[in-house]
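A.B. asks: Dropping the sequence and predicted coords here.
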2 protein chains.
Amino acid sequence: MLHVAEAARVSVATVSALLNGTATVSPELTQRIEQAIRDIGYKRNAIARSLKMGTTRTIGLTVPHITNPFFTDVVSVIQQAFDRAGYAVMLCCTDEDLNTQDEQIRLLLDRMIDGLIVARVGDGGLLKGIVEDANVPVVLLDRLCEGVDTDAVVLDNRRAVFDAVTYLIHLGHRRIGYITGTSDISPMHDRMIGYREALQAAGLPAAEELIRSGNFHEIDGYNATMQLLSLHDRPSAIFSANNPMVIGTMKAIRDIGLSCPEDISVACFDDFPWSDVFVPQLTTVAQPVQAIGEQAANLLLDRLAGNRDAPPRKLVLKGRLMIRNSCRPLGALAQSVSA
Amino acid sequence: MLHVAEAARVSVATVSALLNGTATVSPELTQRIEQAIRDIGYKRNAIARSLKMGTTRTIGLTVPHITNPFFTDVVSVIQQAFDRAGYAVMLCCTDEDLNTQDEQIRLLLDRMIDGLIVARVGDGGLLKGIVEDANVPVVLLDRLCEGVDTDAVVLDNRRAVFDAVTYLIHLGHRRIGYITGTSDISPMHDRMIGYREALQAAGLPAAEELIRSGNFHEIDGYNATMQLLSLHDRPSAIFSANNPMVIGTMKAIRDIGLSCPEDISVACFDDFPWSDVFVPQLTTVAQPVQAIGEQAANLLLDRLAGNRDAPPRKLVLKGRLMIRNSCRPLGALAQSVSA
DNA sequence: AACGCTAATCTAAACGTTTCGAACGTGTCA
DNA sequence: TGACACGTTCGAAACGTTTAGATTAGCGTT
């Protein structure tokens, strides 16, 4: 900017004023400055600007795994939304590990991000302190965090699983295996409640041996399913609480020599684009990824626009049961349906 | 830092020296300073540091669509690699649009990124100028760019498709439909060459009506497949040059009332984790995503470590044909195989 | 002719670091 | 005792912006 100012024979203040439109500058100088900018190929240094202004127009976004299709989609939507608003997005993957998450958040805060969207892992870790210090607005995504009272957008997980399991029960299933992630994050906790409530509402016993938990990965779903299928009275249906784990479930079913839905019915959380075209077409709970991403972005953009003091807002969206053909009717129902 | 210095009754220079280890500071002052840092909860401002040092320890990464599983995986690997090296990653999605890409790149450069990894779209746009101005090292990912001579890591696309199509030919297929993306990017261009060469090597005619192109999206694959299947002499196999488009292909096959592989064989580029568990299990060309991501990261990290003047390095990796059961043998071959 | 008002422009301080070179105290050597 | 070297600490400039407040010029009023 100094060079531009010299070339145009004006002060840097005038150049800045023109660039930011913060003061009127005469047509004559405007022209000289613009010419100089073109000649020199000048680009404003956003770092210096950030230092002075105290804002970077950059936000941080952390998710456990970007390869989980749910997060892939949400990240994509959020990235687009902030791009439209002229913000850059720094993406971090925490790998479901609290220490990693804390490091990532520190990295982001060091870089003076203006805001933060977090699909947290573990118990939140640093998150609590950050939200309290309140320098940067934080939006929780997908997962609430005990003791952290801030904007959030989550799914009505309890209800979504309740509906899915109730659907299985209506099909005649009585022993329904349930594979969950670690229960220290709110969605897994709530989904489990939905499962239990659905059984209870139908007057079915809660058989603890039908509940298995894993660490969200395909291999965990595989192992859990293997265990369920080895029970002497094995379940007739399995509900898997996330997408990577259901892949494991399908592999286990295949490896053990069974088939879906003939021998065992499967439903799961999170839809994916090709659920429609391959066999079996999985019955899933679809999350409104577009809405989730947009709402999260909007909450944060609203804070960034200056609305700092509004009380925390918690948005709860609804899932949708996508009924396909991976679950089959049992017993008497099977007759009437197939007839 | 000023506050820390005051609290510890030293100068800011000493605090800085301690923090960076650039000079020895006495045990006594060290202790006072560390105490002050703890008391105040001081965090160094990376923006100010960046301004002074001329480096942000941040890189830019642009891909066409993060929801394309190939890019999802590569982004994930790259993000991890830079995370390990203490770099932050700014992610941008260009939506296969050149203007968007140019804007994103400008946004990134404004923020003084130290380096850039680009899976380009269109003809490169701004990219050319940037690489020449040579302030930030650039690594091309997946897609080369004419006139841009810089580090790159790509697949041997020609060979990969040659092998896949040759495999189809060995199965007895003579009319093989081919669905490509826009040919202005090198992988699509090279894949097409692989297709033509495979036909030629087998002495088969190149029937132009069997070649369709689309803009990488599912809907494009759908439309292209619909056209291919409506030909009076329709192909017995279809090769689809990317992942989203093959979803469209499968949907079209389903909608038109055919089935794969009984009525039509399908193979495609890009593997995905559940190709194994659903039916039909797609035969695909798997890219070594892990290696691609790591190599790209390494090339850039090497430049960032100071190796600026080495000549551009171009890494060409090999794809792997994953033979599953979405392609069936034809004619005489069908007899011998099914027997 | 002196005054005040407005619009345009400029000067200079500030943002929070890093770093160069100077300053200081202490011990060693002639 | 004075000179010198060495290890430690400090002062101040610099990075490239923004912005408050000062300055200037032009112009209409009285």
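C.D. replies: Received, thanks.

A.B. asks: What about A:Ala286, how many residues nearby?
C.D. replies: When neighbours are defined as other C-beta atoms under 10 Å in any protein chain shown, A:Ala286 has 16 of them. Just so you know, the C-beta spots here come from the backbone N, C-alpha and C atoms, and that holds for glycine as well.

A.B. asks: So it sits against A:Arg320, correct?
C.D. replies: Yes - if you go by C-beta atoms under 8 Å, A:Ala286 and A:Arg320 touch, sitting 4.8 Å apart.

A.B. asks: List the contacts of A:Gly60.
C.D. replies: By C-beta atoms under 8 Å, 6 or more residues apart in numbering or on different chains, the contact list for A:Gly60 reads A:Val89, A:Met90, A:Cys92, A:Gln104, A:Ile105, A:Leu108, A:Leu109, A:Arg111, A:Ile113, A:Gly115, A:Leu116, A:Ile117.

A.B. asks: change it to 6 Å
C.D. replies: A:Met90, A:Leu108, A:Ile113, A:Leu116 (C-beta atoms under 6 Å, 6 or more residues apart in numbering or on different chains).

A.B. asks: Quickly note the distance from it to A:Gly122.
C.D. replies: Here A:Gly60 is placed at a distance of 17 Å from A:Gly122 (C-beta to C-beta, to the nearest Å).

A.B. asks: How about A:Ala46?
C.D. replies: 34 Å.

A.B. asks: Those two: which has the busier surroundings?
C.D. replies: A:Ala46 (21 against 18).

A.B. asks: In PDB, could you pull the C-alpha coordinates for the helix or strand containing A:Arg106?
C.D. replies: Assigned by DSSP states H and E, A:Arg106 belongs to helix A:98-110. Taking Å, rounded to 0.1, in the frame of the first residue of the first chain, the C-alpha atoms of helix A:98-110 are listed here in PDB:
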ATOM      1  CA  LEU A  98     -10.400 -35.500  22.800                       C
ATOM      2  CA  ASN A  99      -6.700 -34.600  22.900                       C
ATOM      3  CA  THR A 100      -6.600 -34.100  19.100                       C
ATOM      4  CA  GLN A 101      -9.700 -31.900  19.400                       C
ATOM      5  CA  ASP A 102      -8.200 -29.800  22.100                       C
ATOM      6  CA  GLU A 103      -5.000 -29.300  20.000                       C
ATOM      7  CA  GLN A 104      -7.000 -28.400  16.900                       C
ATOM      8  CA  ILE A 105      -9.100 -25.900  18.700                       C
ATOM      9  CA  ARG A 106      -6.000 -24.300  20.200                       C
ATOM     10  CA  LEU A 107      -4.500 -24.200  16.700                       C
ATOM     11  CA  LEU A 108      -7.600 -22.500  15.400                       C
ATOM     12  CA  LEU A 109      -7.900 -20.000  18.300                       C
ATOM     13  CA  ASP A 110      -4.200 -19.100  17.900                       C
END
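
A.B. asks: Give me the residues contacting stretch A:262-282.
C.D. replies: Contacts of stretch A:262-282 (C-beta under 6 Å, 6+ apart): A:69-70, A:164, A:237-243, A:246, A:258, A:260-261, A:283-286, A:322, A:324-328, B:247, B:250-251, B:278-279.

A.B. asks: among the residues you listed, which ones are buried?
C.D. replies: Taking 16 or more other C-beta atoms under 10 Å in any protein chain shown as the criterion, what is buried in the contacts of stretch A:262-282 is A:69-70, A:164, A:237-243, A:246, A:260-261, A:283-286, A:322, A:324, A:326-328, B:247, B:250-251, B:278.

A.B. asks: I figured A:Val246 was touching A:Ser240, is that so?
C.D. replies: Yes - between A:Val246 and A:Ser240 there is a contact under C-beta atoms under 6 Å: 4.0 Å.

A.B. asks: on that earlier part again, elements contacting the helix or strand just after the helix holding A:Arg106?
C.D. replies: Per DSSP H and E, the first helix or strand lying C-terminal to helix A:98-110 is strand A:115-118. Strand A:115-118 sits against strand A:58-63, strand A:138-141, helix A:289-304, with contacts defined as 3 or more C-beta pairs under 6 Å, 6 or more residues apart in numbering or on different chains; DSSP states H and E.

A.B. asks: which of the ones you listed is buried the deepest?
C.D. replies: Most buried of the helices and strands packed on strand A:115-118, by mean neighbour count (mean count of other C-beta atoms under 10 Å in any protein chain shown): strand A:138-141, with a mean of 27.

A.B. asks: Remind me what it packs against, helices and strands.
C.D. replies: Using 3+ C-beta pairs under 6 Å, 6+ apart, strand A:138-141 sits against strand A:115-118, helix A:289-304.

A.B. asks: closest one to A:Ala152 among these?
C.D. replies: Checking the helices and strands packed on strand A:138-141 against A:Ala152 by C-beta to C-beta gives helix A:289-304 as the closest, at 8.0 Å.

A.B. asks: The following helix or strand past that closest one pairs with which strands?
C.D. replies: Sequence-wise, the next helix or strand downstream of helix A:289-304 (DSSP H and E) is strand A:314-317. Partners of strand A:314-317 in the sheet, by DSSP bridges, are strand A:151-155 (parallel).

A.B. asks: got the residue ranges for the strands in the stretch 101-250 of chain A?
C.D. replies: A:115-118, A:138-141, A:151-155, A:176-180, A:211-213, A:237-240 (DSSP state E, counting those that start in this stretch).

A.B. asks: can you list the ones you listed in JSON lines and add distance to A:Leu29 and mean pLDDT?
C.D. replies: Shown next, in JSON lines, are those (distance: least, C-beta to C-beta, whole Å; pLDDT from 0 to 100):
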{"stretch": "strand A:115-118", "distance to A:Leu29": "37", "mean pLDDT": "96"}
{"stretch": "strand A:138-141", "distance to A:Leu29": "43", "mean pLDDT": "96"}
{"stretch": "strand A:151-155", "distance to A:Leu29": "45", "mean pLDDT": "97"}
{"stretch": "strand A:176-180", "distance to A:Leu29": "67", "mean pLDDT": "97"}
{"stretch": "strand A:211-213", "distance to A:Leu29": "68", "mean pLDDT": "96"}
{"stretch": "strand A:237-240", "distance to A:Leu29": "67", "mean pLDDT": "97"}
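
A.B. asks: hang on, the earlier thing: take the helices and strands packed on strand A:115-118 and lay them out in CSV including distance to A:Asn157.
C.D. replies: Below are the helices and strands packed on strand A:115-118 laid out as CSV (distance: least, C-beta to C-beta, whole Å):
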stretch, distance to A:Asn157
strand A:58-63, 17
strand A:138-141, 13
helix A:289-304, 12
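
A.B. asks: Tell me where the model's unsure across the stretch 101-250 of chain A.
C.D. replies: A:134 (pLDDT under 70).

A.B. asks: Pick out the residue in it sitting closest to DNA strand D.
C.D. replies: A:Met112 (13.2 Å; C-beta to the nearest atom of the strand).

A.B. asks: okay but that residue is in contact with B:Ile47, surely?
C.D. replies: Yes - using C-beta under 6 Å, A:Met112 makes contact with B:Ile47 at a distance of 4.8 Å.

A.B. asks: okay, those two: which has more neighbours?
C.D. replies: Neighbour comparison, A:Met112 and B:Ile47: the larger count goes to B:Ile47, with 24 against 21 (by other C-beta under 10 Å).
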